[in-house]
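A.B. asks: return a 3D structure for these sequence lines:
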Amino acid sequence: MATPILQVENLSASYRKNTVLHDINFEVNAGSLTGIVGPNGAGKSTLLKTILNLHPSLTGSVKFFGLPFIKAKKRIGYVPQRGSVDWDFPTDALDVVTMGLYGQIGWLRRPSRLHKERAYEALDKMGMADYANRQISQLSGGQQQRVFLARALVQDADFYFMDEPLAGVDAATERAIMTILKELKAIGKTVMVVHHDLQTVEDYFDHVLLLNRTVIKHGRTEQIFTRENIANTYGGNMRWMGEEKRHAVHSIE
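C.D. replies: Numbers count the residues shown, from 1 in each chain. Coordinates of the predicted model:
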């Protein structure tokens, strides 16, 4: 049986005095592509931030590769929500991607030509090489998201966490991002993605974690992504789309 590379036990977290996450327990094995799904306010972004030591926990423990986050962080990449970034900061796309290498370069050292080449290659992989010297404020939302993903890719991490990478992007960018995520999985990387579109869960993810302040269900998508489990997660009456997408949700009333 595979040894989990992420173990979350009895994790709880709050904002001010409001408990946002309660008694979170799950494990993740290497080489999986997991969608984190739940209603607004379910704690999806907070879960990522708490796991990654960006938000304090009230209780519980998190281990990566059997180690606390601080000892494993060089093997972990994170793509926060695009809206949390100051895109008016005066820098270009290549510099943003190069920042993903600062853990290797050191914050007080200048990037070498090799570092710049690696950053350029990551941009090229995301179809953004022609925009390497473009100010990030001049990029569209989809282009900004591609740059953000390139910054994560250049780290060559073993485990990637992404918070709504497909939110507000055009169809071409969504396809490009999912192609990259599936390629990462194919070479043994592990990816967890906060995702909002229930209609694409079955096509995009081999595992799903249904969350509403606690883990409702977690496991292989074909086993977990069912009408009953989703109704339990969202707590409402569901309207379902055609048989070709048996578990796709049309709307939540």
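A.B. asks: give me the nearest residue to residue 58, chain neighbours excluded.
C.D. replies: Distances taken as Cβ to Cβ, 6 or more residues apart in numbering put residue 12 closest to residue 58, at 4.3 Å, once the chain neighbours are dropped. (C-beta placed from N, C-alpha, C; glycine too.)
A.B. asks: could you report the neighbour count for that neighbour?
C.D. replies: Using other Cβ atoms under 10 Å, residue 12 has 17 other residues around it.
A.B. asks: look at it and give its secondary structure.
C.D. replies: Classification of residue 12 using DSSP: H, G, I helix; E, B strand; the rest coil returns strand.
A.B. asks: would you confirm that it contacts residue 57?
C.D. replies: Yes: under the criterion of Cβ atoms under 8 Å, residue 12 lies in contact with residue 57, with a separation of 6.6 Å.
A.B. asks: identify the bridge partners of residue 77.
C.D. replies: For residue 77, the beta-bridge assignment (DSSP bridges) gives partners residue 160.
A.B. asks: now residue 27, what's its secondary structure?
C.D. replies: Here residue 27 is strand, with the state taken from three-state DSSP.
A.B. asks: how near is it to residue 207?
C.D. replies: Using Cβ to Cβ, to the nearest Å, residue 27 is found at 11 Å from residue 207.
A.B. asks: who has more neighbours, these two?
C.D. replies: Residue environment comparison for residue 27 versus residue 207 gives the larger neighbour count to residue 207, 23 against 14, counting by other Cβ under 10 Å.
A.B. asks: look at that one and report its pLDDT.
C.D. replies: Residue-level confidence at residue 207 comes out at 98, pLDDT.
A.B. asks: mind checking how far it is from residue 37?
C.D. replies: Computed with Cβ to Cβ, the distance linking residue 207 and residue 37 is 11 Å.
A.B. asks: let me see the ranges of the helices in the stretch 51-200 of the chain.
C.D. replies: Read by DSSP state H, counting those that start in this stretch, the stretch 51-200 of the chain holds these helices, from start to end of the chain: 69-72, 93-98, 102-105, 113-125, 141-153, 171-186.
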